[in-house]
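K.L.:
Structure for this input, please:
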Amino acid sequence: MTKIVILGGGYAGLRTVRQLAAAKVDAELVLVNQNSYHYQSTQLHQVAAGTKEVADITFDIQGVLPRGVKFVLDRVTTIDREQHRVLLASGSELSYDYLVNALGFESESFGIPGVEENSLPLVDIPTALRAKEELENHLARYQYSHDENDLAIAVCGAGFTSIEYMGELAYRLPKLSKQYHFPLDKVKISCIEAADKILPMFEPDLAVWARQYLMDHGVTFYTSTSITAIEPGKVISKDSSFNANTIIWATGVKGSKVIADSGYDQKRNRVIVEEDLSVKGNPCEFLIGDVCAAMDPNTHRPYPTTAQISVVQADCAARNIEARMQGRPGIPFTYTSTGTVCSLGPLAGVAQINFLGHWKLKGMKVGLVKKITSDRSAFELGGVKAMLESN
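P.N.:
Numbers count the residues shown, from 1 in each chain. You can find the predicted model right below:
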């Protein structure tokens, strides 16, 4: 029997499994993931800030898999593409006829010295929990240390993760102040960004509103400020430095290192794929999600890696595998964004919605939009059970 192996239990991998199972393809379906749970990566910042618990953004993978799908709990180390084998950390291996590689992302240091040793990325559940622990330890320590750096938080980058994290942090800090007995007015949140603006994916007026909202809640922005090094308790730029005992690193991500380790032609562990999302020269291998560089015909640049685009890519890859198995031509990947939502804590945010027109939203109403978006994502990946588990 034909064997289809899907690597990664994130947005792209889980959606692919569900679509292939729904299509009733005549094949054995195998999903490989290093964790027994799926986590909503778009909500990791909430765990890091302490406004959500791990259980709020996770659900059990095996509990939502379609009947007949085999689940392998293991970590992928490399892919032997010539022999059609996936090598696993346990020492075992999986053969495949079709491969869907959706292994997800890792933090990108851009080669800046000290990043990995001295800062806190937000890329999975363990890193989010570590960021929360470090933050609260420093805040709690202030009443004994009286070290102002214990109340200083440096956030590196001004993209989605950074902005949403600072929004959650601003919301929670008053409660933390009462819990750990530190003066709220002495907390210093600095956001250091190399570009000259924040949230470049939003229209300028919404980005300006988000920036002002965070400034009103204690965030100081340092744009056009390139980071040259991270030292213990210090972010270094060309012209200045920022002292902080909590340093969050959210400047960008790259694809899984398995891509480079497996010999793909890649850049930042992303591979430029064919129109149907297959790998050039290997029509039975598909790359989707964070390891995929699908080209936008309008900009001639790769689409950004988002949860929304990962789900659409999964649908396309599943349809093309089904078509290839049946001897039919596949379809090219096309994408039209339905909108973008950026929360600034549970009570505010900005959004661009492309549904029945083009809508621009800001303020409290965005919190409801964000919740609807998160619930819909969980439902698409695991049905009603997953949606209820991650609430």
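K.L.:
What ranges in the stretch 51-200 of the chain fall below the confidence cut-off?
P.N.:
Along the stretch 51-200 of the chain, segments meeting pLDDT under 70 are nowhere present.
K.L.:
Which stretches in it count as helices?
P.N.:
115-118, 125-145, 160-180 (DSSP state H, counting those that start in this stretch).
K.L.:
The last one: which residues count as buried?
P.N.:
The neighbour-count criterion (16 or more other C-beta atoms under 10 Å) identifies 160-173, 176-177, 180 as the buried residues of helix 160-180. All C-beta atoms are positioned from the backbone trio N, CA, C, and that covers glycine.
K.L.:
cool, and stretch 111-119?
P.N.:
Using 16+ other C-beta under 10 Å as the test for burial, stretch 111-119 gives Ile112, Gly114, Val115, Asn118, Ser119.
K.L.:
follow-up on the earlier one: make CSV out of the helices of the stretch 51-200 of the chain and add distance to Pro329.
P.N.:
Putting these into CSV (distance: least, C-beta to C-beta, whole Å) gives the following:
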stretch, distance to Pro329
helix 115-118, 45
helix 125-145, 41
helix 160-180, 36
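K.L.:
between the ones you listed, which one is nearest to Ala22?
P.N.:
Closest to Ala22 of the helices of the stretch 51-200 of the chain is helix 125-145 (C-beta to C-beta; 28.3 Å).
K.L.:
Quick one: work out the angle between that closest one and helix 160-180.
P.N.:
For helix 125-145 against helix 160-180, the angle by axes from the mean of the first three to the mean of the last three C-alpha atoms, to 10 degrees is 40 degrees.
K.L.:
Which other helices and strands does helix 125-145 contact?
P.N.:
helix 44-49, strand 120-121, helix 160-180, strand 246-249 (3 or more C-beta pairs under 8 Å, 6 or more residues apart in numbering; DSSP states H and E).
K.L.:
how about the ones you listed in CSV, adding distance to Cys342?
P.N.:
Shown next, in CSV, are those (distance: least, C-beta to C-beta, whole Å):
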stretch, distance to Cys342
helix 44-49, 11
strand 120-121, 19
helix 160-180, 6
strand 246-249, 17
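K.L.:
residue closest to the middle of the protein?
P.N.:
In the chain, the centroid-proximal residue (C-alpha atoms, centre = their mean) is Ser41; its distance is 4.5 Å.
K.L.:
these two touch, right, that one and Gly10?
P.N.:
Yes - if you go by C-beta atoms under 8 Å, Ser41 and Gly10 touch, sitting 6.7 Å apart.
K.L.:
any residues in contact with both of these two?
P.N.:
Gly104 (C-beta atoms under 8 Å, 6 or more residues apart in numbering).
K.L.:
How is the chain divided into domains?
P.N.:
Residue ranges for the domains of the chain, per automatic domain parsing: 2-34+74-107+253-335, 115-249.
K.L.:
among these, which is nearest Pro346?
P.N.:
When the domains of the chain are compared (using C-beta to C-beta), the closest one is domain 115-249, at 6.3 Å.
K.L.:
Could you work out the end-to-end span of the closest one for me?
P.N.:
Distance across domain 115-249, first residue to last, is 8 Å (C-alpha to C-alpha, to the nearest Å).
K.L.:
now stretch 2-12
P.N.:
For stretch 2-12, by C-alpha to C-alpha, the gap between its terminal residues amounts to 21 Å.
K.L.:
And that stretch, what's buried?
P.N.:
Neighbour-count burial for stretch 2-12 [16+ other C-beta under 10 Å]: Lys3, Ile4, Val5, Ile6, Leu7, Gly8, Gly9, Gly10, Tyr11, Ala12.
K.L.:
Quick check, pLDDT for the second one.
P.N.:
What it means is Ile4. pLDDT, Ile4: 98.
K.L.:
what about the domains of the chain, which gets the closest to Asp60?
P.N.:
Nearest of these (C-beta to C-beta): domain 2-34+74-107+253-335, 10.4 Å.
K.L.:
Next one: the closest residue to Thr2 other than its chain neighbours relative to Asp315, how far apart?
P.N.:
Leaving aside its chain neighbours, Thr2 sits nearest to Ala27 (4.1 Å; criterion: C-beta to C-beta, 6 or more residues apart in numbering). Per C-beta to C-beta, to the nearest Å, Ala27 is found 17 Å from Asp315.
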